[in-house]
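**Student:** Sequence and predicted model, in that order:
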Amino acid sequence: MKARTLILVACLLLVAGFVALNLDEIFRPTTLNFAVTEVQAPMGLVLLGLLALVLVVFLLALVFNQTTHLMEVRRISREAAEQRQLADKAEASRIAELRDDLRSQVAHLENQQQTQANALQQQIERSHAELARLFEQTSNGLSASLGELEDRLERQERLAPPPGA
C-alpha cells in the first residue's frame, strides 16, 4: 500500500476509536445555534456528519481527478500509438524508396558497365583488325623485299661469270 493510503486509514481508525470511547458524549443533546434558529441536537453527531460529508466531497473530487487523469492518459496513449503507426508507415515508405533508388542506381551502373564493355570490345576488334592489316602489310613488304633480293641475286648470277671460268 502507498504511504498516503496508510496515513488515511490510520486517521480514520483514530477517529473511529475516539467516537467509540466517547459515544455517550456524542449522543448527548445540546442547544445548537444555526444563526437563524436554535435546535436541540447532539453536537458530536452533527460534527461526525459534517466530517463524513467533507470526506465524501474529497473522495468525489479524488475520483473525478483520477477519472480525468485516466482519460488524458488514454488519449495520449492513443495519440502516441497513431504517431507510432505513422512513423512506421513513413519508415516503410522510406525503405521502399531507398530500395527503388538503389535498384535504379544498380541498373544504371549495369547499363554503364555494358556500354563500356561494348566500347572496349569494339576497340579490341578495331585493334585486332589494325594489327592484322599491319601484319599483312609487313608480310607483303617482306615478301616484296625478298622477291627483289631474289631478282637481284638472279641478275647477278646471270651477269657474273661462273666461278672458274
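**Tutor:** Here it is on my side, so go on. The shown structure was predicted, so the numbers you read here are calculated from the model rather than taken from an experiment.
**Student:** in the helix or strand of the chain with the lowest mean pLDDT, what counts as buried?
**Tutor:** For the chain, counting by mean pLDDT, DSSP states H and E, helix 23-26 ranks last in confidence among helices and strands (a mean of 84). For helix 23-26, a neighbour-count test (16 or more other CB atoms under 10 Å) marks I26 as buried. Heads up, the C-betas are built off the backbone N, CA and C, glycines and all.
**Student:** Which other helices and strands does it contact?
**Tutor:** helix 43-159 (3 or more CB pairs under 8 Å, 6 or more residues apart in numbering; DSSP states H and E).
**Student:** Helix or strand: which one has V39?
**Tutor:** Using DSSP states H and E, V39 sits in strand 38-42.
**Student:** Show me which residues of that strand are buried.
**Tutor:** Using 16+ other CB under 10 Å as the test for burial, strand 38-42 gives P42.
**Student:** returning to that earlier point: go ahead and name everything in contact with the least confident helix or strand of the chain.
**Tutor:** With contacts defined as CB atoms under 8 Å, 6 or more residues apart in numbering, helix 23-26 is touched by 19, 42-45, 48.
**Student:** Among the residues you listed, which one has the most neighbours?
**Tutor:** Counting neighbours by other CB atoms under 10 Å, G44 comes out on top of the contacts of helix 23-26 with 18 neighbours.
**Student:** burial measure for L55, as a count.
**Tutor:** The number of residues packed near L55 is 13, by other CB under 10 Å.
**Student:** pLDDT wise, what is it at?
**Tutor:** pLDDT recorded at L55 is 87.
**Student:** just to revisit the earlier point, going along the chain from the least confident helix or strand of the chain, find the next helix or strand for me.
**Tutor:** Sequence-wise, the next helix or strand downstream of helix 23-26 (DSSP H and E) is strand 29-33.
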